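# Predicted model and sequence follow; I will ask about them next.
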2 protein chains.
Amino acid sequence: MKPIKISEAVVRRLPIYLRFLNELSLSNIQTVSSQDLGEKLDLNPAQIRKDLAYFGEFGRKGVGYNVDYLIEKIRQILKLDKTMNVVLVGTGNLGRALCNYSMYIKDNMKIVAVFDADPSKSGTLLNHLVVQPMQELADSVRQLDISVGIITVPASEAQKVADEFVAAGIRGILNFAPVVLKTSPGVRIHNADFTAELLSLAYYMDHHEALNEGDGER
Amino acid sequence: MKPIKISEAVVRRLPIYLRFLNELSLSNIQTVSSQDLGEKLDLNPAQIRKDLAYFGEFGRKGVGYNVDYLIEKIRQILKLDKTMNVVLVGTGNLGRALCNYSMYIKDNMKIVAVFDADPSKSGTLLNHLVVQPMQELADSVRQLDISVGIITVPASEAQKVADEFVAAGIRGILNFAPVVLKTSPGVRIHNADFTAELLSLAYYMDHHEALNEGDGER
DNA sequence: TAGATTGTTAATCGATTAACAATC
DNA sequence: TAGATTGTTAATCGATTAACAATC
């Protein structure tokens, strides 16, 4: 009935909308216009309306969007209305930091298993979870109905972990390792590569004002 | 002489090129073609050639690019040939994990000061650096010639920190807090927002295959 | 020379923005 | 009713890809 394919850029903005709407809801604000959203999120109001309209008619002309209703709808679209089980591999500093994050709960994303390639880490406790050895990955993924995997191992190990994820049946990967992963077409990879962000930030420091005269973008 | 403005998308890809070239260099590979790069990095070869050509003629027709020369050039473009001093605010799990990262050294990005809004954290040691109270921020930025700031505080505190960064003269911000920051036009903000990446990943899990038939993209 | 590969222009594709009728 | 704001179409803008002459 609606075979329109949604662009990646649109999907990427949905969590941004959701977060801000949650803030509004906490402040007991009941209605918001695309104008308001655009100002707060530095986006064009038309773009916001268009993004939302891909999924349905959520607003009321002359009025705006009901905050709580829109939250509910976006959560449905992103499938955050049911719990999504997540596995994390790599219990270094970053991996441990991510495990301790509590935000997942509200968004129904839950780290339910933790692995490390280093056998000496097996059995140690990390935020109520026992670190497991890699051999148990496939079993856990099946038994715990895990669909998403987070990679926080060194770059040199990341591809290997990705391969094991795919073999175990994982369909989505959030990759923190600074490397381009290769997987089969059905698997979705999102990169959370802050080192690249940091390096590209350097480009914009100081001396390039002369070149980028028409600056001020984000 | 070259008043062409470089698009954001181009700059974002430069660190990706650089990383892979570094790998090649370590393997003693001396020459690489845009074809090779494209295959390894999942990018169109024409795009890679065009990206590089914005900054100069780095390749040789019929031959390809000299790996070490290209590394040198990209490092110059990104200004990684001189040390860039970085400050980090927020010594929670994530902040501590970032401080312990060693990658910065190779890329000449160095965390030289660490702050926390919680006064009880002041004076504690974090990876050879003494955690400082926020009042000292502006002084440190000036004295240590810091141009980039990393924000790893909770979302509720992030805007305040960004304001203090701007007031202290910082020109680039890497923001890990899940919130859209507002600053003056001259300040560059890059978001390292893995929570958004994780939530948007959920969208692509399972039941949406039917809609996105033409899948397989990244 | 023949084969390979760049740098670059032109064509294509897709995403953003403007505009406005519909309507609350 | 008048004012506001959506949903959506059309216009614009920008980025990606294809194609190819130049040349190593």
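Now that the structure is in, tell me what you want to look at. Residues are numbered from 1 along each chain as shown, chains lettered A, B, ... in the order given.

# Kindly report the residues of chain A close to DNA strand C.
Contacts of chain A with DNA strand C, taken as C-beta under 7 Å from any atom of the strand, map to A:7-10, A:43-44, A:46-47, A:49-50, A:60-63. C-beta coordinates here come from the backbone N, C-alpha and C atoms, glycine included.

# C-alpha coordinates for the lengthiest helix in chain A, PDB please?
Longest helix in chain A, counting residues (DSSP state H): helix A:8-26. Only the C-alpha atoms of helix A:8-26 are listed here, as PDB (Å, rounded to 0.1, in the frame of the first residue of the first chain):
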ATOM      1  CA  GLU A   8      18.500   7.000   5.300                       C
ATOM      2  CA  ALA A   9      18.700  10.700   6.100                       C
ATOM      3  CA  VAL A  10      15.100  10.700   7.200                       C
ATOM      4  CA  VAL A  11      15.500   7.700   9.500                       C
ATOM      5  CA  ARG A  12      18.600   9.300  11.100                       C
ATOM      6  CA  ARG A  13      16.600  12.300  12.100                       C
ATOM      7  CA  LEU A  14      13.800  10.400  13.800                       C
ATOM      8  CA  PRO A  15      15.800   9.800  17.000                       C
ATOM      9  CA  ILE A  16      16.600  13.500  17.100                       C
ATOM     10  CA  TYR A  17      13.000  14.400  17.000                       C
ATOM     11  CA  LEU A  18      12.100  11.800  19.600                       C
ATOM     12  CA  ARG A  19      14.700  13.000  22.100                       C
ATOM     13  CA  PHE A  20      13.500  16.600  21.900                       C
ATOM     14  CA  LEU A  21       9.800  15.500  22.100                       C
ATOM     15  CA  ASN A  22      10.600  13.600  25.200                       C
ATOM     16  CA  GLU A  23      12.000  16.800  26.700                       C
ATOM     17  CA  LEU A  24       8.900  18.700  25.800                       C
ATOM     18  CA  SER A  25       6.700  16.000  27.300                       C
ATOM     19  CA  LEU A  26       8.600  16.100  30.500                       C
END
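
# ok, A:Thr91 to chain B distance?
From A:Thr91 across to chain B, the span is 11 Å (C-beta to the nearest C-beta, to the nearest Å).

# and if you look at A:Cys99?
Distance from A:Cys99 to chain B, by C-beta to the nearest C-beta: 9 Å.

# Can you tell me the number of residues neighbouring that residue?
Neighbour count for A:Cys99, taken as other C-beta atoms under 10 Å in any protein chain shown: 20.

# Which helix or strand lies directly C-terminal to the worst-scoring helix or strand of chain A on mean pLDDT?
The least trusted helix or strand in chain A, going by mean pLDDT, DSSP states H and E, turns out to be helix A:103-106, with a mean of 67. Note on helix A:103-106: by DSSP states H and E, the next helix or strand toward the C-terminus is strand A:109-116.

# Is there proximity between that following strand and chain B?
Yes: Strand A:109-116 is in contact with chain B by C-beta under 8 Å from any C-beta of the partner chain, via A:Met109.

# hey, where'd the strands end up in chain A?
A:31-32, A:59-60, A:64-66, A:84-89, A:109-116, A:125-126, A:129-133, A:146-151, A:172-175, A:188-191 (DSSP state E).

# Of those strands, which is nearest DNA strand D?
For DNA strand D, the closest of the strands of chain A is strand A:59-60, at 2.9 Å, according to C-beta to the nearest atom of the strand.

# From the rest of the structure, what touches the closest one?
Residues from elsewhere that reach strand A:59-60 (C-beta atoms under 8 Å, 6 or more residues apart in numbering or on different chains): A:Ser34, A:Arg49, A:Leu52, A:Tyr65, A:Asn66.

# any idea how far A:Leu24 is from the third one?
Here the distance between A:Leu52 and A:Leu24 works out to 15 Å (C-beta to C-beta, to the nearest Å).

# So which of those two has more stuff around it?
More neighbours surround A:Leu52 than the other of A:Leu52 and A:Leu24, with 23 against 20 (other C-beta under 10 Å).

# need the contact list for that one.
In this structure, A:Leu52 makes contact with A:Tyr17, A:Phe58, A:Gly59, A:Tyr65, A:Leu70, judged by C-beta under 8 Å, 6+ apart.

# Quick one: buried ones out of those?
Using 16 or more other C-beta atoms under 10 Å in any protein chain shown as the burial test, the contacts of A:Leu52 include A:Tyr17, A:Gly59, A:Tyr65, A:Leu70 as buried.

# Grab the two from these that are most spread out in space.
Maximum pairwise distance in those, criterion C-beta to C-beta, is 12.5 Å, between A:Tyr17 and A:Gly59.

# Not counting its own residues, what contacts stretch A:91-109?
A:80-84, A:86, A:88-89, A:110-111, A:114-116, A:121, A:124, A:126-127, A:129, A:131, A:148, A:150, A:152-154, A:176, B:92-94, B:96-98, B:100-101, B:178, B:194-195, B:198-199, B:202.

# switch to 7 Å and redo it
A:80, A:82-84, A:86, A:88, A:110-111, A:114, A:116, A:121, A:126-127, A:131, A:150, A:152, A:176, B:93-94, B:96-97, B:100, B:195, B:198-199, B:202 (C-beta atoms under 7 Å, 6 or more residues apart in numbering or on different chains).

# And for stretch A:124-133?
Against stretch A:124-133 from outside (C-beta under 7 Å, 6+ apart): A:91, A:96, A:99-100, A:113-116, A:119, A:121-123, A:140.

# tell me the domain ranges of chain A?
Per automatic domain parsing, the domain ranges recorded for chain A read A:8-77, A:84-198.

# Output the ones you listed in JSON lines; the columns should cover distance to DNA strand D.
Formatted as JSON lines, these follow (distance: least, C-beta to the nearest atom of the strand, whole Å):
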{"stretch": "domain A:8-77", "distance to DNA strand D": "3"}
{"stretch": "domain A:84-198", "distance to DNA strand D": "14"}
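
# Just name the most buried of those domains.
domain A:84-198 (a mean of 18; mean count of other C-beta atoms under 10 Å in any protein chain shown).

# That one: end-to-end distance?
One end of domain A:84-198 sits 30 Å from the other (C-alpha to C-alpha, to the nearest Å).

# do the same with stretch A:116-132
Span of stretch A:116-132 from end to end, C-alpha to C-alpha: 6 Å.

# quick one: it to chain centroid distance?
Offset of stretch A:116-132 from its chain centre (C-alpha atoms, centre = their mean, to the nearest Å): 24 Å.

# pLDDT averaged over it - what is it?
Regarding stretch A:116-132, the rounded mean pLDDT is 94.

# In PDB, list the C-alpha atoms belonging to stretch A:88-108.
C-alpha atoms of stretch A:88-108 as PDB (Å, rounded to 0.1, in the frame of the first residue of the first chain):
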ATOM      1  CA  LEU A  88      28.300  -6.100  23.100                       C
ATOM      2  CA  VAL A  89      31.700  -7.500  22.300                       C
ATOM      3  CA  GLY A  90      34.900  -5.900  23.700                       C
ATOM      4  CA  THR A  91      35.100  -5.100  27.400                       C
ATOM      5  CA  GLY A  92      37.700  -2.400  27.200                       C
ATOM      6  CA  ASN A  93      37.200   1.100  28.500                       C
ATOM      7  CA  LEU A  94      34.700   2.000  25.900                       C
ATOM      8  CA  GLY A  95      32.700  -1.200  26.100                       C
ATOM      9  CA  ARG A  96      32.400  -0.900  29.900                       C
ATOM     10  CA  ALA A  97      31.300   2.700  29.600                       C
ATOM     11  CA  LEU A  98      28.600   1.700  27.200                       C
ATOM     12  CA  CYS A  99      27.400  -1.100  29.400                       C
ATOM     13  CA  ASN A 100      26.900   1.200  32.300                       C
ATOM     14  CA  TYR A 101      24.800   3.600  30.200                       C
ATOM     15  CA  SER A 102      21.200   3.500  31.400                       C
ATOM     16  CA  MET A 103      19.500   5.300  28.500                       C
ATOM     17  CA  TYR A 104      18.800   2.000  26.800                       C
ATOM     18  CA  ILE A 105      16.100   1.100  29.300                       C
ATOM     19  CA  LYS A 106      13.800   4.000  28.300                       C
ATOM     20  CA  ASP A 107      14.300   3.200  24.700                       C
ATOM     21  CA  ASN A 108      13.800  -0.500  25.100                       C
END
